[in-house]
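Engineer: Next one to model:
(one chain, ligands or ions: 1)
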Amino acid sequence: MYIKELYLVNFRNYQEQKIDFQPGINLLMGSNGQGKTNILEGIGYLISGKSAHCKSENDLIRWGEKNFYLSGSFLVSERLFMLEGYYETGKKVMKINQLACKRLSDYVGTVNGVSFYPDDLNIVKKGPNERRRFIDLLIAQIRPTHFALLNAYLRAVHQKNILLKNERNINLLRIQLQAWNEQICEIGSKIIINRSEFTDKLNTHCRKIFQSIFSDEDHLDIVYQALGKKDLEQALQSFPEILEKKMIQEIERKAVLFGPHRDEIIIYLNGNDTRIFASQGQQRSLVLSLKLAEMEIIRNEKDEYPILLLDDVLSELDEYRRDYLIEYINTLQKQTIITMTGADDRITNQNAVVYQVSNGNIRRK
Ligand SMILES: Nc1ncnc2c1ncn2[C@@H]1O[C@H](COP(=O)(O)OP(=O)(O)OP(=O)(O)O)[C@@H](O)[C@H]1O
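Structural biologist: Reported below is the predicted structural model:
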């Protein structure tokens, strides 16, 4: 699959810009702060219906403007898809082939992409939130209903929180909490099952990739701990019981304390938690492995490689890992869009199309 054309209006530092991409390697070159990452952000937004970096879509609107519009034509299994995104405060419309989608779960998954930004290091370095987000986004690309499950689950948790804060009658509170717990259990179990399945897939691919970019002797293990349990069946069986047992604690604290929104995904390298013990270089190689594993998982499920978006990551890697990634891109021969501040012969020699990005303008070289 690949993006043929991108059109942006009032998106970040672009007033109006159209870009034609080629199916192979596309290099966006320019100095710092010119708008290279913003192009990847635009493509990523069209693919996922979400921003990779901004919590509020208002931040994506060009300063001084009231809305933004994006459109892209994509080729997927030789079929042409036109994706569009429009946003103004309080209104968001995502369209596939001119039809507006009611829910994000109706929109995602049409086109797939894997992006690698320098701050993706947080997937390994930071808390479980980042790893849950990573795996949830991966699942949603293949199984868009996962987004619907997450939304339904978060709504139930939100309602339960309101109840815990406001209901003073303890008997009434208990009855209502039981009803919410049943819902949380039902939806939460489906989320846990999806995450567990995809953690297994990640484990299989990531292990092999990490060994090839690091060393054969290193053993990687990604463990999804649902509800604090390492065993999936045990977690699912004990879910209702845990919620029942913890009810008193939740009433005392007036907050929802347990459920898959708190789950951990721990990445072990030779038995040690990589968040604490891996070196910066090992953490980078690990993120690279996770991203390339994501490529393989999507390819296996969709029979096509996703679009690869790389934001200035070559400069973040040491020479060996950089060579590995360049070799990967060159042999992959699929669409890759890379941002760089300076030319790298090993990429520019590979029939790459080069674009010069300068202050919100793009020119093909
Ligand atoms: N909402 C916005 N409206 C207008 N300009 C914006 C907006 N958000 C960010 N910018 C501008 O976009 C530019 C940053 O663009 P971007 O991050 O794409 O740069 P870059 O070329 O990738 O830079 P670097 O090489 O430093 O990563 C900055 O000049 C910033 O001020």
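Engineer: Against which helices or strands is the helix or strand bottoming out on mean pLDDT in the chain packed?
Structural biologist: Lowest on mean pLDDT, DSSP states H and E among the helices and strands of the chain sits helix 345-348, with a mean of 79. Counting contacts by 3 or more C-beta pairs under 8 Å, 6 or more residues apart in numbering; DSSP states H and E, helix 345-348 is packed against strand 25-29, helix 319-332. All C-beta spots, glycine's among them, are computed from the backbone N, C-alpha and C.
Engineer: what's downstream of it, the next helix or strand?
Structural biologist: Sequence order places strand 353-358 as the next helix or strand after helix 345-348, per DSSP states H and E.
Engineer: what mean pLDDT does that following strand have?
Structural biologist: Mean per-residue pLDDT for strand 353-358: 96.
Engineer: Show me what that strand is packed against.
Structural biologist: In terms of contacts (3+ C-beta pairs under 8 Å, 6+ apart), strand 353-358 is packed against strand 25-29, strand 361-364.
Engineer: Now tell me what touches the longest one from outside.
Structural biologist: So the one you mean is strand 25-29. Around strand 25-29, the neighbours that count as contacts under C-beta atoms under 8 Å, 6 or more residues apart in numbering are 36, 39-40, 329-330, 335-343, 347-348, 350-357, 362, 365.
Engineer: Filter those residues down to the buried ones.
Structural biologist: Neighbour counting with 16 or more other C-beta atoms under 10 Å marks 36, 39-40, 329-330, 335-340, 347-348, 350, 352-355, 357, 362 as buried within those.
Engineer: Against residue 43, how distant is whichever residue of the stretch 101-250 of the chain sits closest to the ligand?
Structural biologist: Residue nearest to the ligand within the stretch 101-250 of the chain: residue 118 (8.2 Å; C-beta to the nearest ligand atom). As for residue 118, its distance to residue 43 is 17 Å (criterion: C-beta to C-beta, to the nearest Å).
Engineer: which of these two has more neighbours?
Structural biologist: residue 43 (26 against 14; other C-beta atoms under 10 Å).
Engineer: any idea how far the ligand is from that one?
Structural biologist: Distance of residue 43 to the ligand, given as C-beta to the nearest ligand atom, to the nearest Å: 12 Å.
Engineer: element containing the most centrally placed residue in the chain?
Structural biologist: Nearest to the mean C-alpha position of the chain, by C-alpha atoms, centre = their mean, lies residue 137 at 4.2 Å. Per DSSP H and E, residue 137 falls inside helix 128-142.
Engineer: what about the strands in the stretch 201-350 of the chain?
Structural biologist: Remark: strands assigned in the stretch 201-350 of the chain by DSSP state E, counting those that start in this stretch are 220-225, 264-269, 272-273, 307-311, 336-340.
Engineer: angle of the last one against strand 353-358?
Structural biologist: Spelled out, that is strand 336-340. Relative orientation of strand 336-340 versus strand 353-358 (axes from the mean of the first three to the mean of the last three C-alpha atoms, to 10 degrees): 40 degrees.
Engineer: any idea of the mean pLDDT in whichever helix in the chain runs longest?
Structural biologist: Counting residues, the longest helix found in the chain (DSSP state H) is helix 170-213. For helix 170-213, the mean pLDDT works out to 96.
Engineer: What of stretch 323-332?
Structural biologist: The pLDDT scores in stretch 323-332 average 90.
Engineer: Only alpha carbons, please: show it as PDB.
Structural biologist: Provided in PDB are the C-alpha atoms of stretch 323-332 (Å, rounded to 0.1, in the frame of the first residue of the first chain):
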ATOM      1  CA  ASP A 323      23.200   0.500   8.400                       C
ATOM      2  CA  TYR A 324      20.700  -2.200   9.500                       C
ATOM      3  CA  LEU A 325      17.700   0.100   9.000                       C
ATOM      4  CA  ILE A 326      19.000   1.500   5.700                       C
ATOM      5  CA  GLU A 327      19.500  -2.100   4.500                       C
ATOM      6  CA  TYR A 328      16.000  -3.000   5.700                       C
ATOM      7  CA  ILE A 329      14.500   0.000   3.800                       C
ATOM      8  CA  ASN A 330      16.400  -0.800   0.600                       C
ATOM      9  CA  THR A 331      15.500  -4.400   0.500                       C
ATOM     10  CA  LEU A 332      11.900  -3.800   1.600                       C
END
